[in-house]
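**Q** Pasting the sequence and the predicted coordinates here, then a few questions.
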Amino acid sequence: SAVAYLMAQRSEPSIAAFAKLFQNHADRIAPAWRENFVHALLSAGLARRALPHIRLLAEQSTGEKQVRWQEILLHQYIQLEMREQARTYALFLTRQAPTRARWWKALAHVYLSDGKYKPALTALTICSYLEPLADHETKLLADLHLQLGIPVKAAPLYEAVLQQKTDPRLLHNLMLALQQLGRPTEALDALQRLAPATKAPELLMLKADLLYNLERYEEAARTYRQTAQRDTRYKGRAWLMAGYAA
């Protein structure tokens, strides 16, 4: 009855039937019953009520089925904004299976949601040793290095991603990383190599600043004026710096 209601997408009577089943036959509960009960509860938006059952399934299952329920449990902690539980459980999973990249990846995102960039970087770095990162994960790894003041690690990661596709934000960050490393000429070369005809105001402004700091004032003034002619948040500063360069 419970499963039939569940298949008919009638969550409320399905949950009532499962509750009666669990109450009347507590000593005979099969894992399949609990799995279907969880699906019924999640379909009805009753995730908190489903948590104890998901925990049991994550503890008592084996093999890939256990991994799937562990993922579901961690996902529910994150969705329900149970940050302490999410972080504790993600740490537990990395200790239980330290060579499984998905747990380090999950731990990194838990730390990111808490605004803890340094441990997030550590977790994502470990993940990168266990399996190749996707492009968006490589971007994130590069951003974390730059955010934490490690441009020497950020620059090659940005370069690697930019070889596949030009992205103004990533190019801007690559130039920033090279600037922080005291290599402004390389930053200008990267712009010339990857986006020579760019009109992106943030790239033009950074290019002008680099030229100004290199005392290439005529080129800087020209680039500042080019930036100032676009109606962006850089307009006022660009005209000001064009005057200084002149």
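**A** Received, thanks.

**Q** Tell me the gap between the helix or strand hosting residue 3 and the middle of its chain.
**A** For residue 3, the element it lies in under DSSP states H and E is helix 2-7. Relative to the centre of its chain, helix 2-7 is centred 37 Å away, using Cα atoms, centre = their mean, to the nearest Å.

**Q** can you pull the buried residues of stretch 108-123?
**A** Residues of stretch 108-123 classed as buried by neighbour count (16 or more other Cβ atoms under 10 Å): 108-112, 117, 119-123. Where C-beta positions appear, they are placed from N, C-alpha and C, glycine not excepted.

**Q** Please enumerate the strands of the chain.
**A** Read by DSSP state E, the chain holds no strands at all.

**Q** Quick check: the residue nearest to residue 200 when sequence neighbours are not counted vs residue 179, distance?
**A** Nearest residue to residue 200, sequence neighbours excluded (Cβ to Cβ, 6 or more residues apart in numbering): residue 168, at 4.4 Å. Applying Cβ to Cβ, to the nearest Å, the value for residue 168 to residue 179 is 16 Å.

**Q** do residue 240 as well
**A** 20 Å.

**Q** between these two, which one's more packed in?
**A** residue 179 (18 against 12; other Cβ atoms under 10 Å).

**Q** show me what contacts that one?
**A** If you count contacts by Cβ atoms under 8 Å, 6 or more residues apart in numbering, residue 179 has them with 187, 206, 210.

**Q** Which pLDDT value goes with it?
**A** Confidence at residue 179, expressed as pLDDT, is 96.

**Q** again with residue 201
**A** 92.

**Q** Would you agree it is in contact with residue 229?
**A** No: applying Cβ atoms under 8 Å, one finds residue 201 not in contact with residue 229, separated by 10.0 Å.

**Q** Settle it for me: which of those two has more neighbours?
**A** Neighbours were tallied for residue 201 and for residue 229 using other Cβ under 10 Å; the higher tally belongs to residue 201 (20 against 12).

**Q** how near is the closest residue in space to the more buried one that isn't next to it in sequence to residue 118?
**A** Leaving out its chain neighbours, the residue that sits closest to residue 201 by Cβ to Cβ, 6+ apart is residue 232, at 4.3 Å. In this view, residue 232 and residue 118 are 33 Å apart by Cβ to Cβ.

**Q** now swap in residue 62 and tell me
**A** Taking Cβ to Cβ, one finds residue 62 at 35 Å from residue 118.

**Q** check contacts around the residue lying closest to residue 11 once chain neighbours are set aside.
**A** Distance criterion Cβ to Cβ, 6+ apart; nearest residue to residue 11, sequence neighbours excluded, is residue 44 at 3.8 Å. Contacts here follow Cβ under 8 Å, 6+ apart; on that basis residue 44 touches 11-12, 15.

**Q** and these as CSV, adding neighbour count?
**A** CSV is the format used below for those (neighbours: other Cβ atoms under 10 Å):
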residue, neighbour count
11, 18
12, 10
15, 20
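
**Q** quick check, nearest of the residues you listed to residue 66?
**A** Nearest to residue 66 among the contacts of residue 44, counting by Cβ to Cβ, is residue 15 at 24.7 Å.

**Q** My guess is the closest one contacts residue 41. True?
**A** Yes: between residue 15 and residue 41 there is a contact at 6.4 Å, judged by Cβ under 8 Å.

**Q** That's all I had, so thanks and see you.
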